[in-house]
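Colleague: dropping the sequence and predicted coords here.
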Amino acid sequence: MTSLTTKPSGLGELGDRTLRKVRRRVMPLIVLLYFIAYLDRNNVGFAKLTMSEDIGLTAAAYGLGAGIFFLGYALLEVPSNAGMYRFGARKWLARILITWGIFATAMALVNGETTYYIIRFLLGAAEAGFFPAILFYLTLWFPAAQRVTVLGIFILAQPISNALGAPVSGLLLQMDGVMGLQGWQWLYIIEGIPAILLGVLTPILMTDRPRDAKWLNADEREWLTTTMDAELAAKSKGASHNFLAGLKDKRTIVYSALYFGLVCGIYGLGLWMPTIVAALGKFSTAQVGFIVLIPYSIAAVFVYFWSKRADKTGKRAWHSSVSMVLAGVGLLSAGYLLQVNPILALIALTAAAMGIYGAIAPFLSMPSAALTGAAAASGLAMVNSLGNLGGFVAPYAVGLFNDATGSNQSGLLFLSFCLCVTAVATYLYARKRPEGDAALDPAVEAAAKATVTR
């Protein structure tokens, strides 16, 4: 009989070793998939720099088309996640990847407002279910106490995708005339194909559940399976956790509304950032790409630090709310500095990016911790579905403000207001609610230790 020494994490040597191996195996693929997803949904922001003139889009029409992605996304989000829960993550994510890759490349066929709206809608419908499927997948592999850090690593794909995608997109726009296509058409084609390729590879590279993980040693597989089963059992006591229960849960509705406000900031900034930066001076599309890289690169570093801090303290509501306030102040400042000092405006936009992306992981860990099993699949899908309607409202509203005023200032003030109101509401609602323990639940820890001692 061997007793393994318990480390300060409370997991023991076996638990630490197992989760290190899981992180190395699971997270690179997850981050890569989300990197491609975010690239394909947001590259329209760069394509706009030349596409709008080519096909005759106003700022409001661009904003409507950019946001209409989220109508298709919202309509099919819950049904898609039901399919994932039934068929498993590997097969369902492969289906999502291949179909969204097809429509992402089909954006090269856009020739006016109507085709722009239709293909953006179909792209959103194809990608529906991806984000909550990943969130649910992570709840199967990582205990709640580690989930904000893991979510933070996952969320890193957003600012990294924007940071790395920005200069690439800017350079692709300069391929005008190659094989008779415009630069923005090449952007859609080249950035859409990786999703199709990854859709083919995902069933080979991904494992559905810990009990199927042949790449873990037998004791590691037993520890992880027992730990996650014990956590599920502990959270399920006295509550209904079937698929419909997640849709009817009041917490699902509240978190959906709060996430709506956060998403307004995420996509209001992300889909308009290239346009805002282009307005700071006379830049080429390539130069805009390299400038946009700056705020997102700094935001990526901040996300990792902030997520680990949220896990360490367990104060997820506080970290999420403070981040949203930082984003709101950054956007408010940028709105006033755009016509005054481009460098200070860029610093303000950087603070906004830090706050927006820093808020996501601690926020999403709260509904993830509240629901389990099929209820988690449906609840997270509902939060993401209704919340992502903010991705429709914000870009369209910013476009309307820009057309009405002729400047970016009013749009930024609108986004700042959304984030500040959401920050206050999130803190007031979530500060006294379970946020996911900073340490293992005693029942879960006891079950885990039972597999550590032989």
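Modeller: Ah, there it is.
Colleague: what is the mean pLDDT for the longest helix along the chain?
Modeller: Scanning the chain for the helix with the most residues, using DSSP state H, yields helix 12-42. Here helix 12-42 scores 86 as its mean pLDDT.
Colleague: also stretch 415-433?
Modeller: The average of the pLDDT scores along stretch 415-433 is 89.
Colleague: ok, now stretch 221-233?
Modeller: 84.
Colleague: alpha carbons only: can I get that stretch in PDB?
Modeller: This file holds the C-alpha atoms of stretch 221-233, laid out as PDB (Å, rounded to 0.1, in the frame of the first residue of the first chain):
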ATOM      1  CA  ARG A 221      -7.500   7.300 -15.900                       C
ATOM      2  CA  GLU A 222      -9.100   5.800 -12.800                       C
ATOM      3  CA  TRP A 223      -8.300   8.900 -10.700                       C
ATOM      4  CA  LEU A 224      -9.700  11.300 -13.200                       C
ATOM      5  CA  THR A 225     -12.800   9.300 -13.900                       C
ATOM      6  CA  THR A 226     -13.500   8.900 -10.200                       C
ATOM      7  CA  THR A 227     -12.800  12.500  -9.500                       C
ATOM      8  CA  MET A 228     -15.100  13.900 -12.200                       C
ATOM      9  CA  ASP A 229     -17.900  11.400 -11.400                       C
ATOM     10  CA  ALA A 230     -17.700  12.300  -7.700                       C
ATOM     11  CA  GLU A 231     -17.900  16.000  -8.600                       C
ATOM     12  CA  LEU A 232     -20.900  15.400 -10.800                       C
ATOM     13  CA  ALA A 233     -22.600  13.400  -8.000                       C
END
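Colleague: buried ones in the longest helix of the chain?
Modeller: Buried residues in helix 12-42, counting neighbours by 16 or more other C-beta atoms under 10 Å, are found at 12, 14-19, 21-23, 25-27, 30-42. Heads up, the C-betas are built off the backbone N, CA and C, glycines and all.
Colleague: with stretch 182-197 instead?
Modeller: Those would be 182-192, 194-196, for stretch 182-197 by 16+ other C-beta under 10 Å.
Colleague: nearest to T139, of those residues?
Modeller: Using C-beta to C-beta, A195 is the member of the buried residues of stretch 182-197 that sits closest to T139, with 24.0 Å.
Colleague: and the closest one, how far from T426?
Modeller: A195 sits 32 Å away from T426, going by C-beta to C-beta, to the nearest Å.
Colleague: contacts only, for the residue nearest to the spatial centre of the chain.
Modeller: Among the residues of the chain, I155 comes closest to the average C-alpha position under C-alpha atoms, centre = their mean, at 5.4 Å. Residues counted as contacts of I155 (C-beta atoms under 8 Å, 6 or more residues apart in numbering) are V303, S307, Y357, I360, A361.
Colleague: now do stretch 170-180: distance from first to last residue.
Modeller: Stretch 170-180 has an end-to-end distance of 19 Å (criterion: C-alpha to C-alpha, to the nearest Å).
Colleague: quick one: mean pLDDT for it?
Modeller: 90.
Colleague: please narrow the contacts of I155 to those residing in helices.
Modeller: Among the contacts of I155, DSSP H puts V303, S307, Y357, I360, A361 in helices.
Colleague: got the angle between the helix or strand containing A257 and helix 12-42?
Modeller: Assigned by DSSP states H and E, A257 falls within helix 250-270. With axes from the mean of the first three to the mean of the last three C-alpha atoms, to 10 degrees defining the directions, helix 250-270 sits at 50 degrees from helix 12-42.
Colleague: could you list the buried residues of helix 250-270?
Modeller: 251-252, 254-270.
Colleague: for the chain, give me the ranges with low pLDDT.
Modeller: By pLDDT under 70, the weakly predicted segments of the chain are 1-11, 148, 234-249, 368-378, 433-454.
Colleague: what's the local residue count around T405?
Modeller: Around T405 there are 11 other residues, counting by other C-beta atoms under 10 Å.
Colleague: to clarify, my last question referred to V44.
Modeller: Neighbours around V44, by other C-beta under 10 Å: 26.
Colleague: ok, now G335?
Modeller: G335: 22 surrounding residues under other C-beta under 10 Å.
Colleague: what helix or strand is it on?
Modeller: Going by DSSP H and E, G335 is part of helix 316-337.
Colleague: I'd like the next helix or strand past the longest helix of the chain.
Modeller: Next along the chain after helix 12-42, with elements defined by DSSP H and E, is helix 44-55.
Colleague: how much space separates F136 from Q409?
Modeller: Distance of F136 to Q409, given as C-beta to C-beta: 40 Å.
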